[in-house]
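S.K.: Pasted the sequence and its predicted model underneath.
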Amino acid sequence: MKMTGNGLLQGKRGLVFGALNDQSIGWAIAEAAHREGASLVLSNAPVARRLGTLNSLAEQTGSQVMWADATSDDDLTALYAQVKEDGPLDFIVHSIGMGVNLRKNVPYPELNYAWYQKTLDISAVSLHRIVHHALEAGVLADSASIVALTYIGAQRVFSKYSEMGDAKALLESIARSFGYRLGKRGIRINTVSQSPTRTVAGSGIDGFDAMFEFAERISPLGNADAASCADYTVMLLSDYSRMVTMQTLYHDGGFSAMGISDEVVEGLAKAFPPEQ
Ligand SMILES: NC(=O)c1ccc[n+]([C@@H]2O[C@H](COP(=O)([O-])OP(=O)(O)OC[C@H]3O[C@@H](n4cnc5c(N)ncnc54)[C@H](O)[C@@H]3O)[C@@H](O)[C@H]2O)c1
């Protein structure tokens, strides 16, 4: 379904981290925020300059691009100094993740700890850094909204999600910890727990297709795609959700409320016929 804009973010200015290419969830969020009237700054790690196509999104949405590694205090300080020149931010989207051991297929009990730290730094601590440096720069407007993307692997074990389950649990905890501290200014921070989605980060997970197909067959509405995630996120960035904070919000077609579905029961019966 293609939504038409309703001006939900008219007059707001936001910063979106993590749009790499047109498959990225962050890309869909930037497109939807632009459609709803926001003006945007887009950011990604310098390495994404050659790996992705962020400049074309910037052209399409009339946005500025500012390159910053979200694990670097220096990069984030410089980024916010530049952002501040044009005024305050009404929202920030964190759509960043990478599992280093996961990419290299290292089994969970044998994690390389230097890589594990890097995974946590990129995928979770970066949210703390992004908020911390925004506060230091004094660039966050009162009643701003911050959203980060997460996955239900934070609550439940998905065998192939490995270290990323730990990273997402930390990410969601950081959102709660900051939510408490930012509440006095009316600033809210939530995480959106999204269905498996075919993106560069998603496909980097061994067994991603099985996770995607399983969720598709369990979820009453089917898997949520990036465009619908973007529409939901826009609502969280808007004033309509002004009293919602510190939540992990499931955007997953109903997956998180399910145990098993007829489709999976029937598939399993065929795959594992009872012994005669
Ligand atoms: N794809 C899925 O199935 C799925 C499901 C639930 C949640 N998510 C989450 O959605 C978010 C976006 O991922 P995606 O699926 O759109 O994949 P993606 O690969 O398009 O986006 C990940 C982004 O992280 C950026 N990044 C990596 N290291 C960085 C660093 N040091 N500094 C700044 N940026 C850095 C990448 O350049 C990329 O733009 C991630 O948090 C991911 O965990 C994805």
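M.R.: Ah, there it is.
S.K.: list the buried ones in the helix or strand of the chain with the lowest mean pLDDT?
M.R.: Here the helix or strand of the chain ranked lowest by mean pLDDT, DSSP states H and E is helix 200-203, holding a mean of 86. For helix 200-203, burial by neighbour count (16 or more other Cβ atoms under 10 Å) applies to Ala201, Gly202. Backbone N, C-alpha and C define where each C-beta goes, glycine included.
S.K.: That one packs against which elements?
M.R.: Helices and strands touching helix 200-203, as assessed by 3 or more Cβ pairs under 8 Å, 6 or more residues apart in numbering; DSSP states H and E, are absent.
S.K.: so, in contact with the ligand or not, it?
M.R.: Yes: contact of helix 200-203 with the ligand (Cβ under 6 Å from any ligand atom) involves Val200, Ala201, Gly202.
S.K.: ok, the second one touching Gly97?
M.R.: Yes: using Cβ atoms under 8 Å, Ala201 is in contact with Gly97, at 5.2 Å.
S.K.: What residues does Tyr180 make contact with?
M.R.: Met246 (Cβ atoms under 8 Å, 6 or more residues apart in numbering).
S.K.: I'd guess it is in a helix, am I close?
M.R.: Yes: judged by DSSP: H, G, I helix; E, B strand; the rest coil, Tyr180 forms part of a helix.
S.K.: Please name the residues that touch the closest residue to Asp252 other than its chain neighbours.
M.R.: If the residues on either side of it in the chain are set aside, Asp252 comes closest to Ser195, at 4.6 Å by Cβ to Cβ, 6 or more residues apart in numbering. For Ser195, the contact set (Cβ under 8 Å, 6+ apart) comprises Ala215, Ser219, Asn223, Ala224, Asp225, Cys229, His251, Asp252, Gly253, Phe255.
S.K.: Just the ones in helices from those, please.
M.R.: Counted as lying in helices by DSSP state H, out of those, are Ala215, Cys229.
S.K.: now, which of the contacts of Ser195 sits nearest Ser123?
M.R.: Cys229 (17.3 Å; Cβ to Cβ).
S.K.: ok, the closest one - how many residues close by?
M.R.: A count of nearby residues for Cys229, using other Cβ atoms under 10 Å, gives 23.
S.K.: Over to the one 10 residues further on?
M.R.: The local packing of Asp239 (other Cβ under 10 Å) involves 12 other residues.
S.K.: helix/strand/coil for the nearest residue to it once chain neighbours are set aside?
M.R.: Computed as Cβ to Cβ, 6+ apart, the closest residue to Asp239 that is not its neighbour in sequence is Ser143, at 7.7 Å. Put simply, Ser143 is strand when judged by three-state DSSP.
S.K.: start to end distance for stretch 122-130?
M.R.: With Cα to Cα, to the nearest Å as the measure, stretch 122-130 spans 11 Å from end to end.
S.K.: Show me how far that stretch is from its chain's centre.
M.R.: Per Cα atoms, centre = their mean, to the nearest Å, the displacement of stretch 122-130 from the mean C-alpha position of its chain is 11 Å.
S.K.: Give me the mean pLDDT for that stretch.
M.R.: Regarding stretch 122-130, the rounded mean pLDDT is 98.
S.K.: The ligand contacts on this structure?
M.R.: 17-18, 20, 24-26, 44-45, 48, 69-71, 95-98, 122, 149-151, 194, 196-197, 199-202.
S.K.: Which of these fall within strands?
M.R.: Under the assignment DSSP state E, the residues of the chain next to the ligand contribute Phe17, Asn44, Leu149, Thr150, Gln194 to strands.
S.K.: and the gap between Met235 and Gly204?
M.R.: 29 Å (Cβ to Cβ, to the nearest Å).
S.K.: Give me the more crowded residue out of these two.
M.R.: Neighbour comparison, Met235 and Gly204: the larger count goes to Met235, with 17 against 14 (by other Cβ under 10 Å).
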